[in-house]
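A.B. asks: Predicted model, plus sequence, below.
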Amino acid sequence: MASLSSSEPYRSGGPLRSGELSSAYRRPLMAFFLRHTDDRAEAEDLTQEVFVRILKGAPETTVQAPDAFVFTIAANLLRDRLRLRIAKRADRHVSLDVDPTQDAPSEPLNIAAETVSAERALMDRQRLKAVLKALEELPPRTRDIFVLARLEKLKHAEIASRMGVSVSAVEKNLVRAVAHLARRFGP
């Protein structure tokens, strides 16, 4: 994968042009998003959104580790997508209103099954919210390394290369992240 120059500042319309971004990152980003979405159209949309966010970014930001920068934006997009899906699911409900002109509901209600799944969904949503909050408490580099290692299943050497740090730094950040989560949620 080609790296973006770290000697020149990151500017919209400057060294990072859309053609350079596309040629350097389109394939790796598509592979990244396809692993998580299994939907080519959605992966393409998310890839385009990464480019849009980069090109709309702060006009004079210097990018020291371009690969990490691009894939951090990609990971954040996946988090946003997950949050949006959870929010949309929270709006779903089964109406228990009965039409007063009818003696019985037009469709039988399976309240027990809906209650169990609603309770499970609520518990899962609360657990996810707690984990996301705990991850947000971590320093950004530690959080990104944890996400790449534990969720993306990348090898420590690959993470070190992407983030421009040593393998030892990756391991130390992982220990720090796991220790933080263990303190928050127990062994």
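C.D. replies: All right, it came through fine. Predicted model, so just to flag it, every value in this text is computed and none were measured.

A.B. asks: so where do the helices sit in this protein?
C.D. replies: 18-37, 40-55, 66-90, 111-136, 140-146, 156-163, 167-185 (DSSP state H).

A.B. asks: mean pLDDT lowest for which of those?
C.D. replies: Note on the helices of the chain: lowest mean pLDDT is at helix 111-136, with a mean of 75.

A.B. asks: Quick check: the gap between Phe146 and Ile159.
C.D. replies: Relative to Ile159, Phe146 is positioned 10 Å away (CB to CB, to the nearest Å). Heads up, the C-betas are built off the backbone N, CA and C, glycines and all.

A.B. asks: And Met123, by the same measure?
C.D. replies: Counting by CB to CB, the gap from Met123 to Ile159 is 32 Å.

A.B. asks: between those two, which one's more packed in?
C.D. replies: Of the pair Met123 and Ile159, Ile159 is the one with more neighbours under other CB atoms under 10 Å, namely 25 against 10.

A.B. asks: can you tell me which residues contact the more buried one?
C.D. replies: Applying CB atoms under 8 Å, 6 or more residues apart in numbering to Ile159 gives the contacts Ile145, Leu148, Ala149, Val170.

A.B. asks: at 10 Å instead, please
C.D. replies: 68, 71, 144-149, 152, 165, 167, 169-171, 173-174 (CB atoms under 10 Å, 6 or more residues apart in numbering).

A.B. asks: How about Val167?
C.D. replies: Lys155, His156, Ala157, Glu158, Ile159, Ala160, Ser161.

A.B. asks: neighbour-wise, which of the residues you listed leads?
C.D. replies: Highest neighbour count within the contacts of Val167: Ile159, with 25 neighbours (other CB under 10 Å).

A.B. asks: Kindly provide the distance from it to Ala130.
C.D. replies: Distance of Ile159 to Ala130, computed by CB to CB: 25 Å.

A.B. asks: now do Asp144
C.D. replies: Distance of Asp144 to Ala130, given as CB to CB: 20 Å.

A.B. asks: cool, Gln64 as well?
C.D. replies: Distance, Gln64 to Ala130, using CB to CB: 32 Å.

A.B. asks: Ok, Ala121 next?
C.D. replies: Between Ala121 and Ala130 the distance is 15 Å, computed by CB to CB.

A.B. asks: and Arg143, how many residues sit next to it?
C.D. replies: So Arg143, with other CB under 10 Å, has 19 neighbours.

A.B. asks: Any figure for the gap between it and Phe69?
C.D. replies: Per CB to CB, Arg143 is found 14 Å from Phe69.

A.B. asks: Repeat that for Lys129.
C.D. replies: 27 Å.

A.B. asks: same question, Arg79
C.D. replies: Separation of Arg79 from Phe69 (CB to CB): 16 Å.

A.B. asks: Between these two, which is the more surrounded one?
C.D. replies: Phe69 (21 against 13).
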